[in-house]
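Undergrad: Fold the following for me, if possible:
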Amino acid sequence: DGEEEREKMGGMNAAGAMGPQMSQMELMQMEIRFMSDMLQKMNSQCFQKCIVRFGDNNLSKAEIECTDACIEKYMDATNKVGEVIAVQTQQAQAQ
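TA: Coordinates of the predicted model:
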């Protein structure tokens, strides 16, 4: 199961706690996978929401503004979720 795999790699389990040993390389690979996944989801969501005309080679002003706002909102939400997870992880480790 996925949680067992993360534990074997030393990754986070469902409670957000780190596994026994995780090398710097494994941490970097996990971060790259997370960032890549986040970028793909953001691209998909913002494209679906903001891009309405496919005949032009250029984005309209409204599409650009929508995309900028969408990316900003997505990044803000991602940062807030990350902050909550960090606090929960610190609290779990303190117990």
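Undergrad: When you work out contacts or count neighbours from here on, use the C-alpha atoms and nothing else.
TA: Will do.
Undergrad: what about Gly55, distance to Ser44?
TA: Gly55 sits 19 Å away from Ser44, going by C-alpha to C-alpha, to the nearest Å.
Undergrad: of the two, who's got more company?
TA: Between Gly55 and Ser44, Ser44 has the larger neighbour count (other C-alpha atoms under 10 Å), namely 11 against 7.
Undergrad: Let's see the pLDDT reported for the more buried one.
TA: Looking at Ser44, its pLDDT stands at 95.
Undergrad: before we move on, what about the one 4 residues further on?
TA: pLDDT recorded at Gln48 is 95.
Undergrad: can you count the residues close to it?
TA: 11.
Undergrad: Same check on the one 10 residues further on?
TA: By the other C-alpha under 10 Å criterion, the neighbourhood of Asn58 contains 10 residues.
Undergrad: quick one: it from Gln24, how far?
TA: For Asn58, the distance to Gln24 - C-alpha to C-alpha - is 42 Å.
Undergrad: quick check: longest helix of the chain.
TA: In terms of residue count, the longest helix belonging to the chain (DSSP state H) is helix 61-94.
Undergrad: What mean pLDDT does that one get?
TA: pLDDT averaged over helix 61-94 gives 91.
Undergrad: Okay, buried residues for the host helix or strand of Met35 please.
TA: Met35 is part of helix 24-50, with elements assigned from DSSP states H and E. Residues of helix 24-50 classed as buried by neighbour count (16 or more other C-alpha atoms under 10 Å): 42-43, 46, 50.
Undergrad: Kind regards, and thank you for your time.
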